[in-house]
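>>> take this sequence and fold it.
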Amino acid sequence: MKREEVIQARDELAQQLPNPDQIVRGSLLKRTIRHRRGCPKCAAGGGHPAWVLTVTYPGGKVRQFSLRPEQRSQVHQWVRNYQRLKKQLEAICELNHQLLRPEE
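Presented below is the predicted three-dimensional model:
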């Protein structure tokens, strides 16, 4: 690929990046919470469904954010935006690596 083509491809990728204020890193999990006593639903084996955003930090520290049901679709989109952003940034880096090579 010629230098101009690499720059054009990089610029196109950069323009397609998701909005940075609508991203979140982590994993969206569905959990079932069961109370130990006093809850007839849990005693019957049902439990209470809950959505959780789990984020792992360096050093193995994990934070979990409990989500309200109406937040699930928004957080799901934010996680997908983060994954898309990360993938596109890697592609931009590869194109920049090509720009560092001497022209033939």
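>>> and the lengthiest strand in the chain, which strands flank it?
For the chain, the longest strand by residue count, based on DSSP state E, is strand 48-56. Note on strand 48-56: by DSSP bridges, its sheet partners are strand 27-33 (antiparallel), strand 62-67 (antiparallel).
>>> alpha carbons only: can I get it in PDB?
Output of strand 48-56 as PDB, limited to C-alpha atoms (Å, rounded to 0.1, in the frame of the first residue of the first chain):
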ATOM      1  CA  HIS A  48     -33.700 -12.700  41.600                       C
ATOM      2  CA  PRO A  49     -32.100 -12.000  38.200                       C
ATOM      3  CA  ALA A  50     -29.700  -9.100  38.200                       C
ATOM      4  CA  TRP A  51     -27.400  -7.500  35.600                       C
ATOM      5  CA  VAL A  52     -23.800  -6.700  36.700                       C
ATOM      6  CA  LEU A  53     -21.000  -4.800  34.900                       C
ATOM      7  CA  THR A  54     -17.700  -6.500  36.000                       C
ATOM      8  CA  VAL A  55     -14.400  -4.600  35.500                       C
ATOM      9  CA  THR A  56     -11.000  -6.100  36.200                       C
END
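>>> tell me which residues of the helix or strand containing residue 41 are tucked away?
In this assignment (DSSP states H and E), residue 41 forms part of helix 40-43. Of all the residues in helix 40-43, those buried under the rule 16 or more other CB atoms under 10 Å are residue 42. From N, CA and C alone the C-beta is placed, and that goes for glycine too.
>>> outside of it, which residues touch it?
With contact meaning CB atoms under 8 Å, 6 or more residues apart in numbering, helix 40-43 is reached by 34, 35, 36, 37, 47, 48.
>>> contact partners of the longest strand of the chain?
So strand 48-56 is contacted by 24-35, 41-42, 62-67, 69, 71-72, 75, 79 (CB under 8 Å, 6+ apart).
>>> before we move on, back to that, can I get the contacts of helix 40-43 in a markdown table with neighbour count, pLDDT and distance to residue 9?
Shown next, in a markdown table, are those (neighbours: other CB atoms under 10 Å; pLDDT from 0 to 100; distance: CB to CB, whole Å):
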| residue | neighbour count | pLDDT | distance to residue 9 |
| --- | --- | --- | --- |
| 34 | 13 | 90 | 52 |
| 35 | 12 | 87 | 55 |
| 36 | 7 | 84 | 57 |
| 37 | 6 | 82 | 61 |
| 47 | 14 | 89 | 50 |
| 48 | 12 | 92 | 49 |
